[in-house]
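K.L.:
Need coordinates for the following:
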Amino acid sequence: MRRVAEDIRHRLSAVLARTDFRDPDLIGVHLTVAEVRMSPDLKHATIFVSRLGNIPTDPLLPALKRVSPFLRSAIGQGMRTKFVPDLHFQPDQALDEATRINRLLHTPEVVRDLAPRSDADDK
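P.N.:
Got it, this is the predicted structure:
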C-alpha cells in the first residue's frame, strides 16, 4: 500500500505542478500533495493537498473532484497496478495542527513545567 501511495503521490505532484487545467477554479493554483493514503484493496486513494502561504484548500475540493478523471488518466500511464484507484481529495491539516501544538508549547504554563529545575528548588 505504501509503495502504491508514494507512486501516486509523485505522479500526482508532477501533474499538479504543471497547473494546465481547463477548470477555471484551478488555473494558476499551486497545490502540494502532502500525503496519499490507500484503501487496503488499492481501489481508493485519499489525497491530502495543501496550498502554499496557508491559503485554505477547502474551496478547491469541488474543482479537484471535477478534474479527477483527468488526473486518474494522467497518473495511470505507466503505473504497474491492475487498475487506477478512485481519487478522493482532503485538505491537509498537518500544518495547522503543528502550529496549534507549537502555540501550546510556548504558553507560560507549559514553559514553566518544561523549565529545568535546579537543586536549590528541591530543598
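K.L.:
For the rest of this, base every contact and every neighbour count on C-alpha atoms.
P.N.:
Fine.
K.L.:
Could you look up the SS state of Pro24?
P.N.:
Applying DSSP: H, G, I helix; E, B strand; the rest coil to Pro24 yields a three-state assignment of coil.
K.L.:
What separation do you get for it and Arg112?
P.N.:
For Pro24, the distance to Arg112 (CA to CA, to the nearest Å) stands at 51 Å.
K.L.:
now swap in Gly53 and tell me
P.N.:
As judged by CA to CA, Gly53 and Arg112 stand 32 Å apart.
K.L.:
between these two, which one's more packed in?
P.N.:
More crowded of Gly53 and Arg112, by other CA atoms under 10 Å: Arg112, with 11 against 6.
K.L.:
And that one, its phi and psi?
P.N.:
phi -60, psi -40 (degrees, to the nearest 10).
K.L.:
what does Asp86 give?
P.N.:
Dihedral angles for Asp86 - degrees, to the nearest 10 - are phi -70, psi 140.
K.L.:
try Leu31
P.N.:
phi -110, psi 150.
K.L.:
got it, and Arg51?
P.N.:
Per-residue torsions, Arg51: phi -120, psi 150 (degrees, to the nearest 10).
K.L.:
my read: it touches Leu26, true?
P.N.:
No: look at Arg51 against Leu26 with CA atoms under 8 Å: they stay out of range, at 11.7 Å.
K.L.:
pLDDT averaged over the longest helix along the chain, what's the number?
P.N.:
Counting residues, the longest helix found in the chain (DSSP state H) is helix 2-18. Taken as a whole, helix 2-18 has a mean pLDDT of 91.
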